[in-house]
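K.L.:
Dropping the sequence and predicted coords here.
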Amino acid sequence: MAYKTIFTILTRSEGLKAQLDQVAALAQSHDAHLDVLCLGVDRTQMGYYYAGANAVIMQEAIGRATKEAAALEAQASDALKGTPIRYAVDTDVAQMGDLGRHVAWRARFSDLVVLPKPYGEGKGVEDEPIIESVLFEGRTPVMVLPEALGSPQAPAAPMIAWNETPEALAAVRKALPLLQKAGSAHVVIIDPPVHGPNRSDPGGMLATWLARHGVTAEIDVISKTLPRVSEVIRRHATDIGADMIIMGAYGHSRFREAILGGATRHMLEDTDLPIFMAH
């Protein structure tokens, strides 16, 4: 498998140039076609308006979102003009409650979706549901890039957060082109189960599979010495000098993750490394 179609989504002008610079550099490194969706989002909550006003307000909100999408398209076209990659820029308009449909049907025909971190100063309410729509409805892997990264390079020292879940296996499978370029990876296992078929050789079957694809895996079995799994993962990534984290996304339901948090959310909030996720 190779990443021949890379997809990204723009919803605001802030940070647009930096996001496109990152994604264009990634597309060039993979000789991939870049698809850019300029998405105008109607962020209004229609249920709070008085009776009879909804149709008028909705029309105004959709009109505003349409203008935003057109402005984003002009900025994106200017930013990509002259770049040595193949690209296409398109527009769409969606309401918050219907983001999933608009995002997923485009994402599913790409090999990799690249998006900025959804949390932090200046982020929009649509950023988190966009990532979730790509993962759940689009069934496409996501690479989340921090703004301060600059031009992303193929990882030289990727780290796999492994817990034997289907989500983690999906992430490793879809990250295989990156892992093969690196040639090696750290497979990090936190407190492996004491019962089960792999109790005497945690990560052994994954390491064998990776070796057959030309990737040498070093197994790191560590203890949960911090309150959150995400904190243990981040600290170990720093200790070994990892430059990308590959992990499964949302092992629990999205509702539970939203209420209680979870490794996925905490990683997206706090990690300054690129994160490759799949569900």
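P.N.:
Thanks, I have it. The structure displayed is predicted, hence computed values, not measured ones. Numbering: from 1, shown residues only.

K.L.:
buried sites along stretch 236-248?
P.N.:
236-237, 242-248 (16 or more other C-beta atoms under 10 Å). C-betas here are computed from N, CA, C, even on glycine.

K.L.:
if you look at the residues you listed, which of them are in helices?
P.N.:
Within the buried residues of stretch 236-248, residues falling in helices by DSSP state H are 236-237.

K.L.:
contacts for the helix or strand encompassing residue 207?
P.N.:
Assessed by DSSP states H and E, residue 207 sits inside helix 204-212. If you take C-beta atoms under 8 Å, 6 or more residues apart in numbering as the criterion, helix 204-212 is touched by 160, 162, 169, 172, 179, 185, 187, 198, 216-217, 219.

K.L.:
Check pLDDT for those residues and point me to the minimum.
P.N.:
Minimum pLDDT across these is recorded for residue 198, with 66.

K.L.:
all strands of the chain, in order?
P.N.:
5-10, 33-42, 86-95, 112-116, 142-145, 158-161, 184-190, 216-222, 244-248, 275-278 (DSSP state E).

K.L.:
give me every residue that touches the residue most central in space within the chain.
P.N.:
A centroid search over the chain (C-alpha atoms, centre = their mean) returns residue 142, at 3.1 Å, as the residue closest to the centre. Residues near residue 142 by C-beta under 8 Å, 6+ apart: 112-115, 131, 134-135, 249, 276-278.

K.L.:
Now the two most distant members of those residues.
P.N.:
Greatest spatial distance in the contacts of residue 142: 114 and 249, 14.7 Å, computed using C-beta to C-beta.

K.L.:
Which one's more surrounded, those two?
P.N.:
residue 249 (28 against 25; other C-beta atoms under 10 Å).

K.L.:
Distance of the more buried one relative to residue 19?
P.N.:
20 Å (C-beta to C-beta, to the nearest Å).

K.L.:
go on, residue 206?
P.N.:
Remark: distance between residue 206 and residue 19 (C-beta to C-beta) = 32 Å.

K.L.:
Kindly report the same for residue 248.
P.N.:
25 Å.

K.L.:
for residue 63, same thing?
P.N.:
For residue 63 relative to residue 19 (C-beta to C-beta), the value is 25 Å.

K.L.:
between these two, who's got more neighbours?
P.N.:
More crowded of residue 63 and residue 19, by other C-beta under 10 Å: residue 19, with 21 against 13.

K.L.:
these two touch, right, that one and residue 10?
P.N.:
Yes - using C-beta atoms under 8 Å, residue 19 makes contact with residue 10 at a distance of 6.9 Å.

K.L.:
Where does pLDDT dip in this structure?
P.N.:
For the chain, the stretches with pLDDT under 70 are 45-56, 195-200, 251-261.

K.L.:
Could you identify the longest helix within it?
P.N.:
For the chain, the longest helix by residue count, based on DSSP H, is helix 54-80.

K.L.:
and that helix, what does it pack onto?
P.N.:
Packing partners of helix 54-80 (3 or more C-beta pairs under 8 Å, 6 or more residues apart in numbering; DSSP states H and E): helix 16-29, strand 33-42, strand 86-95.
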